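*Asks:* here's my sequence, what's the structure:
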Amino acid sequence: AVQILGEGEWALRLLPLLAGLASLPLFAVLARRVLGSGPFALFAIALFALSVPLARYAAEVKQYGLDVLVALIIVLPATAILRRSLRPVGIVAVALTGGLLTLVSFTAALVTAGVLISVVAISVERRDFVSAVTGVGLAVAGGAAGVAYLRWAAPPEGLRDRVAGAFRAAEQSPAETASRYLQLTGAEFRWAIVASGVLALAGVIALVLRDRPVFWLLTGPFLAAFAADIAGVYPFYQRFSLFTVPIALLLIAIGARAIWDLDIVARAPALGLCAVAAAGFVVHAGDTVAHGPQWDSRQDLRPVLEEVAAERQDGDVIWIYPAARFAFAYYADRVGLPAGPPAEGIEDPSRAVLFPEPVTSAPPDVVIGTPFGTAEDLRADLSALAGPRPRRVWVVFSNVLPLEDESNPEGALFDHLESIGEWQRS
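*Replies:* I've put the predicted structure just below:
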């Protein structure tokens, strides 16, 4: 898109947009395949269409919307294979598809691993040991290839060093993990999260009792994602786990159908839970349309940098949070700011001005912060900007993740400013 249409924002956002648009019909096919053509499939499709996080990453220059599309491409044919007799040819075809898609989405490896987990589990239940051995063999081969690929493609310090604070699956309580995750699906307020959780749990129970192949297929990617988080390979946290949201929405709809089918008395609670869950999605979508996106972690740098450019004075220094350096490099010229150090590689110190180092002369116009350290590193960064004469420092945060010591970067900044104020008052 960039080569054909140029480097404008519309061209950059084209691929995520197309991925988001393509995901909806694929999810509709998957929902009808799992839930039939009745109202509960429509309920799942409506939740998908109203999900603000899914819409958000269809509009941002991020890979997470593409992750969703890739997950659907892998899971959709797997439903047909798992519900019929398992054949090694079909298993190999799904595994190869997932392997090829790993070239465009890291999460394709997790979804493929989840499908292979389901293949092995179902094969063992059916005493189909040929398929089970095929699944295990492909999982081992795929895991080895994945490790080799990550070592070749990943930066020297690895993904864990970049997003150390995002690996939380083993540290949070199950209730906290579930609550944060259900917010990611699009449910906004507390009771909608509770209703969605109850329905998803009912869906899991119903599948265990009635449809084991679909149970393993839908839970397999979650098992692979949690294992990857615990192993420090890929975090199951916030937007990183967006690729599993379509599966969660299916579980919610399956749970609603299961409660509805219990008996006539259970239909009122089923409708009530569906209404409360759907209300959370509708309220979130409506509020976003009316007032604009309200994210916990703001990442739309352009309006921030336009304000900085309008108010900046000669001699001011701009400190950039390391995760925002690429966006800053893109927007700087467009809003009239100095471009700063090149942004070809975060881990290459020769290409960026990295602190903390003693400042004996005036610092450059733009400083890229120490990559993803601790709160103490952040304070050292800012302290290093103190020079022989007073100057103003603009501190720009975007795409913020918890630091290695679990502290919040913005909170560490305010603590540092408070300590400066206390020192001046003393």
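
*Asks:* contacts and neighbour counts: CA atoms only from here.
*Replies:* OK.

*Asks:* by mean pLDDT, which helix or strand of the protein comes out lowest?
*Replies:* Ranked by mean pLDDT, DSSP states H and E, the weakest helix or strand in the chain is helix 158-162, scoring a mean of 52.

*Asks:* enumerate the positions of stretch 279-289 that are buried.
*Replies:* 279-285 (16 or more other C-alpha atoms under 10 Å).

*Asks:* okay, and which of those map to helices?
*Replies:* Among the buried residues of stretch 279-289, the members falling in helices (DSSP state H) are 279-285.

*Asks:* export these as TSV, with columns for distance to L72.
*Replies:* Putting those into TSV (distance: C-alpha to C-alpha, whole Å) gives the following:
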residue	distance to L72
A279	25
G280	24
F281	21
V282	24
V283	26
H284	24
A285	23
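
*Asks:* out of those, which is nearest to R87?
*Replies:* Taking C-alpha to C-alpha as the measure, R87 lies nearest F281 of these, at 39.7 Å.

*Asks:* what values do phi and psi take at the spatially closest residue to that closest one that is not a sequence neighbour?
*Replies:* Excluding its sequence neighbours, the residue lying closest to F281 (C-alpha to C-alpha, 6 or more residues apart in numbering) is A187, at 4.9 Å. For A187, the backbone dihedrals (degrees, to the nearest 10) come out as phi -70, psi 130.

*Asks:* measure A187 to F27 for me?
*Replies:* Separation of A187 from F27 (C-alpha to C-alpha, to the nearest Å): 18 Å.

*Asks:* who has more neighbours out of those two?
*Replies:* More neighbours surround A187 than the other of A187 and F27, with 31 against 25 (other C-alpha atoms under 10 Å).

*Asks:* can you name the next helix or strand after the least confident helix or strand of the chain?
*Replies:* The helix or strand immediately downstream of helix 158-162 is helix 174-185, counting by DSSP states H and E.

*Asks:* in that next one, what counts as buried?
*Replies:* Buried, per 16+ other C-alpha under 10 Å, within helix 174-185: 177, 179, 181-185.

*Asks:* name the surrounding residues that touch it.
*Replies:* Under the criterion C-alpha atoms under 8 Å, 6 or more residues apart in numbering, residues 51-54, 169, 193, 196-197, 237-239, 242, 245, 248-249 lie in contact with helix 174-185.

*Asks:* how about a cut-off of 7 Å?
*Replies:* Contact partners of helix 174-185, identified using C-alpha atoms under 7 Å, 6 or more residues apart in numbering, comprise 51, 53, 193, 238, 245.

*Asks:* check which helix or strand the last one maps to.
*Replies:* Under DSSP H and E, the secondary-structure element containing V245 is helix 245-260.

*Asks:* closest one of the buried residues of helix 174-185 to I74?
*Replies:* The closest of these, once distances to I74 are taken by C-alpha to C-alpha, is T185, at 19.9 Å.

*Asks:* quick check: mean pLDDT across stretch 316-328?
*Replies:* The pLDDT scores in stretch 316-328 average 80.

*Asks:* buried residues, that stretch. List them.
*Replies:* 316-325, 327-328.

*Asks:* quick check: which ranges of this structure have low pLDDT?
*Replies:* 1-7, 83-86, 142-175, 292-299, 339-364, 370-374, 385-391, 399-407, 420-426 (pLDDT under 70).

*Asks:* tell me the helices in the stretch 101-250 of the chain, going along the chain?
*Replies:* 107-125, 129-153, 158-162, 174-185, 190-210, 212-230, 245-260 (DSSP state H, counting those that start in this stretch).

*Asks:* returning to what we had before: now the buried residues of helix 174-185 as CSV including distance to V214?
*Replies:* Listed next are these as CSV, based on distance: C-alpha to C-alpha, whole Å:
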residue, distance to V214
T177, 23
S179, 24
Y181, 21
L182, 21
Q183, 24
L184, 23
T185, 20
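
*Asks:* closest to T219 out of the buried residues of stretch 279-289?
*Replies:* The closest of the buried residues of stretch 279-289, once distances to T219 are taken by C-alpha to C-alpha, is F281, at 22.9 Å.

*Asks:* quick one: contacts for that closest one?
*Replies:* F281 sits next to 47, 50-51, 186-188 when contact means C-alpha under 7 Å, 6+ apart.

*Asks:* ok, longest helix in this protein?
*Replies:* Assigned via DSSP H, the chain shows its longest helix as helix 9-35.
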